[in-house]
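[1] The following comprises the amino acid sequence and a computationally predicted model.
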There are 4 protein chains.
Amino acid sequence: MEKGRLEAFSDGVLAVAITLLVLDLHVDPHSSSPLLDQIREGWPTFAAYVVSFFIIGVIWLNHHNLFRLATGIDRRVMVYNLALLLFVTAIPFTTATYADYVQEGGANARTAVILYGIAMEGMAISFNLILARMLKAGLTTAAVSQQQGRSLLLRYGVGIVMYPVVTLVGVINAPMMLVLYAVIVGYYLGPGLRALDAAETPPLR
Amino acid sequence: MEKGRLEAFSDGVLAVAITLLVLDLHVDPHSSSPLLDQIREGWPTFAAYVVSFFIIGVIWLNHHNLFRLATGIDRRVMVYNLALLLFVTAIPFTTATYADYVQEGGANARTAVILYGIAMEGMAISFNLILARMLKAGLTTAAVSQQQGRSLLLRYGVGIVMYPVVTLVGVINAPMMLVLYAVIVGYYLGPGLRALDAAETPPLR
Amino acid sequence: MEKGRLEAFSDGVLAVAITLLVLDLHVDPHSSSPLLDQIREGWPTFAAYVVSFFIIGVIWLNHHNLFRLATGIDRRVMVYNLALLLFVTAIPFTTATYADYVQEGGANARTAVILYGIAMEGMAISFNLILARMLKAGLTTAAVSQQQGRSLLLRYGVGIVMYPVVTLVGVINAPMMLVLYAVIVGYYLGPGLRALDAAETPPLR
Amino acid sequence: MEKGRLEAFSDGVLAVAITLLVLDLHVDPHSSSPLLDQIREGWPTFAAYVVSFFIIGVIWLNHHNLFRLATGIDRRVMVYNLALLLFVTAIPFTTATYADYVQEGGANARTAVILYGIAMEGMAISFNLILARMLKAGLTTAAVSQQQGRSLLLRYGVGIVMYPVVTLVGVINAPMMLVLYAVIVGYYLGPGLRALDAAETPPLR
């Protein structure tokens, strides 16, 4: 089963999901509050928009890198890929919910942080299932040695441990969740990418 | 008429439809009800989101498998494919309607179950029309013998019988509809796929 | 300038536009009116959904057929293609507006019919501009003789005359507009396609 | 890293963003105001729809032209491309906000104009970062000489200077902002394209 159409479908879903984030951005023209104040008070929406946009962008980069290693796909990879897309398409919802409740704090903000974390954790686990399946079923290119495979699994496994930690911090302090995700994405797109370029190995998540 | 652009267009429509499901997920930040309660009470929305997501995912898999058998397409296949896409794009609507009414029960839940069933049945019939046309017009690869063609038609025909049964069960007990669809999708993505992999024949629906 | 990416972009826009039609479908779970009654009373929304879906589907078919004739594209074709996409992406809006007002009748229904007609007419004119430019700039395959070019222009020009007539009928009787479009699309997807298949010439609009 | 999938993903995002503009078009069937009056009073929404549609269309053309020059991409180009897409996907929001406030005038209209300008300026800067990176990292085809590279940078830099000027004019007179963008897009798609065709050099922005 050729991988081209799986990539095309995934690209389509990721492109729609990343663009749907914009639907969370809106102001109320009937409000008596000036537009500038609405935007100032709605900062979490804008900040969450930018961070979630780059998160989905990084997911796309990782998806791209992961399937570059594949010589083919089997049905199990397809199922795990569907699970990955399920969690990614949920991100516009978890982003909007987080933005709605982060300023309120309390139990609702904690719930919103956990929702956001569930989507991220589900995404990370799906990525690992895809990679593990590829390695086990011999679907990777010859360029990936067994040792590199183990090293890749470790790297892709980092997210599985990291996102619960970020979520825990967010449960204590909801805005800090967004700051941490911004740092992670910023690291990934900055020094992380440079290091990976140097090592010529596929990127982490 | 080459099949590449039909596949690309169909992939696009399926990718948008599967992602639009997320628009049904939403909470009301102005509600006095805690977020956790909103999510608990809104469980049908989340359950229906997951089930419909995998249903469209399986439709995509089937679409992929069906057109892998094709050497080309004619205009009739294009028309049936449009009908298929019409019913699939209706799924976000039938999913939202089902989620809105399943807990209320009564006549409204029955109507919602039937709406959901109409989209599924229309989808199944469209798939069969495409396959039947492909076989009749000699648009399938040489690898598909006449006997395999009949066997394929039978398999693809299963959905046509199965969805009215699921709908009937749902009319009696609305939540049971979702359970049955989850079982069908779970079977398809689990043992069903494994059996098909073994037989190296195209998948059922 | 290769035509592949123009086709891919157009396919993407058409796929999103055809799927966005579903956003017009919705029921109000807080209404005291039973779901079945809501759907019965909202029949124009469902009928307009189906007709507009197939209209965009036929536009996609025509787009596909038109660019199959092209050996390349120039920037002018790109601009006319953007105009085409502008009018097509307006169809979900004109469809929703028509469905909202068709039952009310009177001046509002007339305005809605005219809006729908403007999108259709703009689409037809854009198609003609693309074809005329292709022929003039020698961007068509050698298979298209000068005489065939003139014949094609005539055929693609039919829509330019037909849609104002349909609009005029709709101004007198708003529901009749939808019936006429359904007949046109039905003709195109049925006998029209068969005739074209026989003649092995590109389709009309 | 091959550029094909970056182009496909970008095409997808641009296709969704350009189509989502239509979601801003809507009328209120429950309003006592006649439909024609609603459309007349809502002219900024329609005018902004058309202008923003062609702006995204031109962005797509420029994206296409820019990556035609590329022999490959590196991760830095990918990051700048994500930034570009971030600002472009914000356009449906800035368009809707501008349309909501342009008639009101005053501080809110000024804020809306500045929001629109931020998305345009971010887009222009991202385009320049991509081009500068391509030139520096030797990712352009041999056909692009060093002198042409400098000339290209100048041309792509025009937008960086032009959009703040348009924004400044819009701050003084909000409707004038839309007029200026319409003139810029009209110039680009008309004489600008013809000049570029003649010079056989990539287009400006």
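    Received it, and whenever you're ready, just let me know what you need. Numbering: from 1, shown residues only, chains lettered A, B, ... in the order given.
[2] so does whichever helix or strand residue A:120 is part of get close to chain B?
    Assessed by DSSP states H and E, residue A:120 sits inside helix A:106-136. Yes - counting by C-beta under 8 Å from any C-beta of the partner chain, chain B has neighbours in helix A:106-136: A:107, A:108, A:111, A:112, A:115. In this view, the C-beta of every residue, glycine as well, is placed from N, C-alpha and C.
[3] Tell me which residues touch the third one, please.
    Under the criterion of C-beta atoms under 8 Å, 6 or more residues apart in numbering or on different chains, the neighbours of residue A:111 are A:101, B:34, B:35, B:36, B:39.
[4] need the residues of chain A near chain D, please.
    Near chain D, when you scan chain A using C-beta under 8 Å from any C-beta, you find A:7-8, A:11-12, A:14-16, A:18-23, A:25-27, A:29, A:34-36, A:39, A:50, A:53-54, A:57, A:60-61, A:64, A:68, A:189, A:193-194, A:196-197.
[5] Can you classify the closest residue to chain B within chain A by secondary structure?
    At 3.0 Å from chain B, residue A:12 is the closest residue in chain A, using C-beta to the nearest C-beta. Here residue A:12 is helix, with the state taken from DSSP: H, G, I helix; E, B strand; the rest coil.
[6] just checking, it touches residue D:15?
    No - if you go by C-beta atoms under 8 Å, residue A:12 and residue D:15 don't touch, sitting 9.5 Å apart.
[7] any common contacting residues for these two?
    Contacts common to residue A:12 and residue D:15, judged by C-beta under 8 Å, 6+ apart, are residue C:12.
[8] who are the neighbours in contact with the nearest residue in space to residue A:90 that is not next to it in sequence?
    Nearest residue to residue A:90, sequence neighbours excluded (C-beta to C-beta, 6 or more residues apart in numbering or on different chains): residue A:119, at 4.6 Å. Neighbouring residues of residue A:119 by C-beta under 8 Å, 6+ apart: A:87, A:88, A:90, A:91, A:94.
[9] could you give the mean pLDDT of stretch A:12-28?
    Mean pLDDT, computed over stretch A:12-28, is 93.
[10] related to what we said a few turns ago, got a quick PyMOL command for the buried subset of the contacts of residue A:119?
    The PyMOL selection below is limited to those of the contacts of residue A:119 classed as buried (16 or more other C-beta atoms under 10 Å in any protein chain shown):
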select buried, chain A and resi 87+88+90+91+94
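[11] Tell me the confidence at the nearest residue to residue A:185 once chain neighbours are set aside?
    Leaving out its chain neighbours, the residue that sits closest to residue A:185 by C-beta to C-beta, 6+ apart is residue A:54, at 4.6 Å. Looking at residue A:54, its pLDDT reads 96.
[12] so where's chain A uncertain?
    Applying pLDDT under 70 to chain A picks out residues A:1, A:192-205.
[13] Now do the same contact list for residue A:98.
    A:44, A:48, A:112, A:113, A:115, A:116, A:174, A:177, A:178.
[14] what about it, which helix or strand?
    Here residue A:98 is assigned to helix A:91-101, by DSSP H and E.
[15] Report how many residues lie close to residue A:110.
    18 (other C-beta atoms under 10 Å in any protein chain shown).
[16] contacting residues around it?
    Counting by C-beta under 8 Å, 6+ apart, residue A:110 has contacts A:170, A:171, A:174.
[17] Tell me which of these fall in strands.
    Taking DSSP state E, every one of these sits outside strands.
[18] just to revisit the earlier point, angle of the helix holding residue A:120 against helix A:91-101?
    160 degrees (axes from the mean of the first three to the mean of the last three C-alpha atoms, to 10 degrees).
[19] tell me which residues in helix A:106-136 are buried?
    Buried residues in helix A:106-136 (16+ other C-beta under 10 Å): A:108-117, A:119-135.
[20] Stretch A:40-51 now?
    Those buried within stretch A:40-51 under the rule 16+ other C-beta under 10 Å are A:42, A:44, A:45, A:46, A:47, A:48, A:49, A:50, A:51.
[21] repeat for stretch A:93-102
    Those buried within stretch A:93-102 under the rule 16+ other C-beta under 10 Å are A:93, A:94, A:95, A:96, A:97, A:98, A:99, A:100, A:101, A:102.
[22] now these as JSON lines including distance to residue A:78?
    Formatted as JSON lines, those follow (distance: C-beta to C-beta, whole Å):
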{"residue": "A:93", "distance to residue A:78": "24"}
{"residue": "A:94", "distance to residue A:78": "24"}
{"residue": "A:95", "distance to residue A:78": "27"}
{"residue": "A:96", "distance to residue A:78": "29"}
{"residue": "A:97", "distance to residue A:78": "29"}
{"residue": "A:98", "distance to residue A:78": "30"}
{"residue": "A:99", "distance to residue A:78": "33"}
{"residue": "A:100", "distance to residue A:78": "34"}
{"residue": "A:101", "distance to residue A:78": "35"}
{"residue": "A:102", "distance to residue A:78": "36"}
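[23] Surely residue A:50 and residue D:85 touch.
    No - Residue A:50 is beyond contact range of residue D:85, at 11.9 Å (criterion: C-beta under 8 Å).
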